[in-house]
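J.: this is a predicted model, with the sequence first.
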Amino acid sequence: MSQGHLLRNWVQFGRMLRALGVEIRPTQLVDLAESLRHVELHRREDVKNAARAILINRYEHLPLFERAFDLFWQPHAHDALRDLDLSMLQRRRRQRQILRPIDERPALDGAGDGEPPEAPQVEKILTYSDQEVLRQKDFAALDEAELAEVRRLMARIPWRLTPRRTRRMTPTRRGEQVDLRRTLRRSLRHGGEPLHLAQKTRKLKRRPVVLLCDISGSMERYARVLLQFVYAVAHRLDRVEVFVFSTRLTRITRQLQTRNVDRALDDAAAAIHDWAGGTRIGEAVKQFNYQWARRVLGQGAVALIISDGWDRGDIDLLAREMDRLHRSCHRLIWLNPLLGGADYEPLVRGIQAALPHIDDFLPVHNLASLEQLVAVLGKELGG
């Protein structure tokens with residue numbers, strides 16, 4: 001087995017267990033691959049215990065697992081397990097041949113007569129899967145092929161947000177309040193006797209989402225990927241408004257409504273006249289507050305600002321306008337691609353001025369950080 005194929009090897013091992021009658025679900029193999037990130041792979045017993053805890057649910061399957069594990073994780077000829085006839089294993093299980101003691105098995109290929117086989121060992125396999133590596137890779141380090149794969153994975157992120165409860169009421173069979181008007185109307189059918197109490201509950205509705213994305217020179221290496229993220233959000237949710245800013249604010253909501261992502265991003269780029277320019281976050285937020293806030297921040301909208309915080313404008317203006325924006329929306333979230341670095345500290349003046357007015361300060365540098373954002377939004381939009 002070659003190095004770097006841990007997930008494939010565990011899938012093969014799961015096929016062996018299923019052939020022996022042990023029910024193995026794909027999600028169990030995914031959980032096992034994730035758990036091995038926290039296990040030293042050269043410690044055979046630790047790996048075995050982790051696999052047994054996740055894959056085995058019934059006591060009677062323990063002997064099968066022990067024999068299968070010892071058979072699988074020992075030296076084999078090249079591609080021997082790949083060509084393993086699992087139907088033959090199933091027949092051997094029925095005949096109880098697979099459970100004979102280890103010392104009665106035939107010697108391995110290449111072992112001399114009378115020489116004991118080498119001690120079973122677990123290979124040191126360092127990678128898990130291409131997608132798992134891509135989830136953790138910084139957007140700025142992606143090549144063209146990886147960028148296309150990230151776009152595909154980004155479109156599959158489940159942006160299904162929990163709706164909020166509004167003040168309006170809607171009829172329901174089991175509600176939190178009695179609907180007196182419907183109850184009295186129904187009572188007319190029975191001579192004014194209220195035989196059935198109609199119920200009502202508060203109506204559910206999603207909050208609007210407003211995104212303001214920094215496309216200045218310091219954000220250029222992230223801007224293209226983040227615009228694809230913004231496009232994915234705009235097409236998976238309703239009531240989404242999108243703005244970009246560098247030295248001035250530009251609304252690109254209409255351009256992103258195109259079904260084709262490449263054409264939508266090209267249209268958005270054509271509408272932006274200050275791409276990769278300087279950064280004046282305070283003036284851009286002020287322009288949004290005075291021209292757009294009343295139109296798009298109604299009904300408890302959630303605002304997201306995507307920026308690294310580098311600002312060449314008036315820092316006092318940024319602090320005042322961030323305070324105004326914070327008081328105008330339900331929740332204000334700042335997404336910073338630099339926050340994913342282990343040594344990041346909020347030292348730039350723009351971030352220091354904005355932090356007192358931010359509800360959540362989150363990274364947005366890879367796919368894993370976007371999944372974290374989904375969890376935060378799902379929780380906050382439910383209130």
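T.: That came through fine. Numbering: from 1, shown residues only.

J.: show me what the lengthiest helix in the chain is packed up against.
T.: Longest helix of the chain, by residue count under DSSP state H: helix 220-236. With contacts taken as 3 or more C-beta pairs under 8 Å, 6 or more residues apart in numbering; DSSP states H and E, helix 220-236 sits against helix 144-155, strand 209-214, strand 240-245, helix 261-271. Every C-beta, even on glycine, is put in place using the N, C-alpha and C of the backbone.

J.: CA atoms only for it, dumped as CSV, please.
T.: These are the backbone C-alpha positions of helix 220-236, laid out as CSV (Å, rounded to 0.1, in the frame of the first residue of the first chain):
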residue,chain,number,x,y,z
GLU,A,220,-6.5,41.2,-4.3
ARG,A,221,-5.2,37.7,-3.7
TYR,A,222,-8.5,36.8,-1.9
ALA,A,223,-11.0,38.9,-3.8
ARG,A,224,-11.7,36.6,-6.7
VAL,A,225,-12.4,33.6,-4.4
LEU,A,226,-14.4,35.6,-1.9
LEU,A,227,-16.6,37.0,-4.7
GLN,A,228,-17.4,33.4,-5.7
PHE,A,229,-18.3,32.8,-2.0
VAL,A,230,-20.5,35.9,-2.2
TYR,A,231,-22.1,34.6,-5.4
ALA,A,232,-22.8,31.2,-3.8
VAL,A,233,-24.5,32.9,-0.8
ALA,A,234,-26.6,35.2,-3.1
HIS,A,235,-27.9,32.2,-5.0
ARG,A,236,-28.6,29.9,-2.1
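
J.: and it with strand 209-214, angle?
T.: 160 degrees (axes from the mean of the first three to the mean of the last three C-alpha atoms, to 10 degrees).

J.: which residues are in contact with helix 220-236?
T.: 139-140, 142, 147, 150-151, 154-155, 157, 159, 209, 211, 213-215, 219, 240, 242, 244, 253, 256-257, 261, 264-265, 268, 275-276, 306, 337, 364-365, 370 (C-beta atoms under 8 Å, 6 or more residues apart in numbering).

J.: list only buried entries from those.
T.: Buried members of the contacts of helix 220-236, scored by 16 or more other C-beta atoms under 10 Å, are 139, 142, 150-151, 154, 157, 159, 209, 211, 213-215, 219, 240, 242, 244, 256, 261, 264-265, 268, 306, 337, 364-365, 370.

J.: okay, now the residue nearest to Gln287 when sequence neighbours are not counted: neighbour count?
T.: Nearest residue to Gln287 in three dimensions, chain neighbours excluded: Leu249, at 4.4 Å (C-beta to C-beta, 6 or more residues apart in numbering). Number of residues near Leu249 (other C-beta atoms under 10 Å) recorded here: 19.

J.: so where's the protein shaky on pLDDT?
T.: Scanning the chain for pLDDT under 70 picks out 1-7, 73-130, 160-162, 380-383.

J.: now the strands for it?
T.: Using DSSP state E, the strands of the chain run over 164-172, 177-178, 199-205, 209-214, 240-245, 249-251, 302-306, 331-336, 360-363.

J.: so for Asn49, which of those strands sits nearest?
T.: Asn49 sits nearest to strand 360-363 of all those, at 33.5 Å, using C-beta to C-beta.

J.: ok, that closest one: who's next to it in the sheet?
T.: Its sheet considered, strand 360-363 pairs with strand 331-336 (parallel) by DSSP bridges.

J.: relative to strand 302-306, how tilted is the partner strand?
T.: 20 degrees.

J.: could you measure from the residue of the chain most remote from its centre over to Leu180?
T.: Computed with C-alpha atoms, centre = their mean, the residue of the chain farthest from its C-alpha average is Gly191, at 57.7 Å. Applying C-beta to C-beta, to the nearest Å, the value for Gly191 to Leu180 is 18 Å.

J.: next: Gly309.
T.: Plainly put, Gly309 is 54 Å away from Leu180 if you go by C-beta to C-beta.

J.: same question for Pro63.
T.: Pro63 is 67 Å from Leu180, where distance means C-beta to C-beta.

J.: Ala50 too?
T.: 59 Å.

J.: more neighbours: those two, which one.
T.: Using other C-beta under 10 Å as the criterion, Ala50 and Leu180 rank with Ala50 on top: 17 against 12.

J.: so who does that one touch?
T.: With C-beta under 8 Å, 6+ apart, Ala50 has these contacts: 32, 35-36, 39.

J.: and those, which of them are buried?
T.: 32, 36, 39.

J.: so how far is stretch 348-359 off the chain centroid?
T.: 26 Å (C-alpha atoms, centre = their mean, to the nearest Å).

J.: okay then, goodbye and thanks.
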